[in-house]
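Asker: sequence first, predicted coordinates after that:
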Amino acid sequence: MRLSLLGVAAALAVALVGCASPVAVVTPDPESQAEVDWDARFAEFVTEHGERPEPTPYVDAQVESARLAEATERAWEGVVASYPTAERPEAPFVHWASNADHLDLESDVNRCLTAAGAKLSTGTDADGERAAVEYSAAPDPTTATALFACQFLAYPLRPLDGSAGAGWLWDFADAFLVPCLEAHGAAQDPLPTRDEQIAAVFSQGYGWIPHFPESSADVGLDADVYAVCHGEEL
């Protein structure tokens with residue numbers, strides 16, 4: 001699900017990666033590839049580690065407030081980076097927004113965005129279901145601060161604890177993804193420790209990034225390797 005939220009989704013829930021980057025392909029060993037059933041190995045990983053845990057609400061209200069404050073500060077820094085003279089707005093908290101709210105054009109948060117000057121448009125997935133609501137807005141500090149007030153002060157997304165999912169993704173990368181990609185000729189940067197990865201995502205919004213080989217047809221990432229190495233789990 002893709003939301004136009006000034007990057008708030010990445011700031012509020014811990015994930016392993018922010019994106020996947022291509023890398024020059026190193027000639028793989030065909031024999032080593034042939035010996036491995038990557039689907040079977042992935043099934044073994046899931047049997048051992050279970051499915052990826054979903055983010056959950058924080059039990060500690062103080063931690064929840066701290067995570068929201070961190071996300072809000074990062075979002076405001078983004079506004080100031082574009083508009084150095086912008087004055088930080090004040091707005092009362094009304095209620096938490098949900099992902100469903102951001103897909104509903106008539107929700108409170110989207111009404112707020114519309115009133116702030118945003119033009120909303122919907123996007124659908126391959127099945128024709130609404131998958132995203134995107135907005136465009138005038139590039140000026142007044143509009144930017146009004147949008148910030150809607151998304152981070154009046155109707156913020158509730159912070160979620162994704163540390164369990166981040167641990168699962170780290171295990172996935174360590175036990176499956178890195179060996180799979182390297183077997184297909186894509187050298188990888190060393191993985192950080194679990195704690196380092198989680199800290200990096202919280203502090204900057206992303207951490208370790210896998211390198212997928214590029215397609216020989218020069219159309220981006222190699223879709224076959226992406227599928228074999230279960231890149232969709234990211």
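Answerer: Thanks, I have the structure now.
Asker: domain ranges for the protein?
Answerer: With automatic domain parsing serving as the domain definition, the record reports that the chain contains domains spanning 10-55+162-233, 60-158.
Asker: next secondary structure after the top helix by length along the chain?
Answerer: Scanning the chain for the longest helix, with DSSP state H as the assignment, gives helix 61-82. Counting by DSSP states H and E, the element after helix 61-82 in chain order, helix or strand, is helix 99-103.
Asker: now the element after that following helix, going C-ward?
Answerer: In the C-terminal direction from helix 99-103 (assignment by DSSP H and E), the next one is helix 108-115.
Asker: returning to that earlier point: how about the CA coordinates for the longest helix of the chain, as PDB?
Answerer: What follows is the C-alpha trace of helix 61-82 in PDB, where atoms were taken according to Å, rounded to 0.1, in the frame of the first residue of the first chain:
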ATOM      1  CA  ALA A  61       2.200   5.200  25.900                       C
ATOM      2  CA  GLN A  62       5.400   7.100  26.500                       C
ATOM      3  CA  VAL A  63       7.200   5.100  23.800                       C
ATOM      4  CA  GLU A  64       4.300   5.700  21.400                       C
ATOM      5  CA  SER A  65       4.400   9.400  22.100                       C
ATOM      6  CA  ALA A  66       8.200   9.500  21.500                       C
ATOM      7  CA  ARG A  67       7.900   7.600  18.200                       C
ATOM      8  CA  LEU A  68       5.200  10.000  17.000                       C
ATOM      9  CA  ALA A  69       7.400  13.000  18.100                       C
ATOM     10  CA  GLU A  70      10.300  11.600  16.100                       C
ATOM     11  CA  ALA A  71       8.300  11.100  13.000                       C
ATOM     12  CA  THR A  72       6.800  14.600  13.300                       C
ATOM     13  CA  GLU A  73      10.200  16.200  13.700                       C
ATOM     14  CA  ARG A  74      11.500  14.400  10.600                       C
ATOM     15  CA  ALA A  75       8.500  15.500   8.600                       C
ATOM     16  CA  TRP A  76       8.900  19.100   9.700                       C
ATOM     17  CA  GLU A  77      12.600  19.000   8.800                       C
ATOM     18  CA  GLY A  78      11.500  18.000   5.300                       C
ATOM     19  CA  VAL A  79       9.200  21.000   5.100                       C
ATOM     20  CA  VAL A  80      11.900  23.400   6.300                       C
ATOM     21  CA  ALA A  81      14.400  21.900   3.800                       C
ATOM     22  CA  SER A  82      12.100  22.900   1.000                       C
END
